[in-house]
Structures are given as C-alpha cells and as structure tokens.
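Asks: what follows is a predicted protein model with its sequence.
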Amino acid sequence: MRGELREFGVGVYDRWTALWNGETGLAEEIMAPDFALRYTQAGTEAFDEVRAPEQLAAIVAAWHGRRAGLRFAAEGEAVVDLALVDGLPTGLVARPYLATFTDESGAVVARSGTDTLRITGGLISEVWSVSSGAQGRTFYR
C-alpha cells in the first residue's frame, strides 16, 4: 500500500507540473472545488484570491502569456506523506522544481523552487510555493 500511495503522490505532483506547463484542463481533475494557494514569490499576489479550478486554469494561461517559453520540471526526489482516510489519499507531497523561460533579451532564465501540495480526499486542497525569485538561482546544476 505504501508504494501505491507514493506512486499516487508523485503522479499528482507530475499532473500539477503539467498543469503549470499549460495543460489547464487538469485543474478540474486534480484540484479540490475550493482550495488555497500560498505563494511567497514577489508578483504572485493575484494567486491569493484564486480558490476554484477554473480560476487557476485562467491565471496559469495568463502567466504563460507573460513569459516566453515558460516550462516547469520536477527535480530531485519527491517527499510523499500520504495515508488513506475514508479510502482516499490524504496528506502532503513536496518536491523541488525548475522553472525556465526566455527573458526580453533572449537569454534563458532558470529558477528553482519547492511546491508542497496538501492532498485531501485525493485532490489538491492547498499549495505552498516558495521559489528563488527574480534574483535567485537553481538548486541543481
């Protein structure tokens, strides 16, 4: 069972990453009907008011419109702490990520961060996201 829960957690994180890579239809599949986003990065204040899957899909699409070539990739090992509650996975999944985009000068910019997903009843109910920010760096070389 532990292996199946780990696989589920890594799979949810992979789908979260795919959502952020523009597969916005995944928001309806992986997000709870009402959730909370907690982003510390400067310029992410708009995420504070996002509570529904369709709002998240719209803001991800807009985010891509502002960053040429924006791509996210999971990095490192996922930390998965899930248990079955009423038969559904519940707990936390955390993993580092790498975000890359092309800036105005044409240079590729890379930044690392970590997203922690709270899973409740098999759906993402809360996200904490911390990144290295505009002057940051990557975790892995």
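Replies: That came through fine.
Asks: give me the below-cutoff pLDDT ranges for this structure.
Replies: The chain contains residues with pLDDT under 70 at 133-137, 140-141.
Asks: strands of that one, start to end?
Replies: In the chain, the strands defined using DSSP state E lie at 31-39, 68-74, 79-85, 88-102, 108-120, 123-131.
Asks: okay, these in a markdown table with distance to Glu45 next?
Replies: Where you see a C-beta, it was placed from the backbone N, CA and C, and this is true even at glycine. Formatted as a markdown table, these follow (distance: least, CB to CB, whole Å):
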| stretch | distance to Glu45 |
| --- | --- |
| strand 31-39 | 8 |
| strand 68-74 | 19 |
| strand 79-85 | 27 |
| strand 88-102 | 18 |
| strand 108-120 | 17 |
| strand 123-131 | 13 |
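Asks: and Gly3, what does it touch?
Replies: Neighbour list for Gly3: empty [criterion: CB atoms under 8 Å, 6 or more residues apart in numbering].
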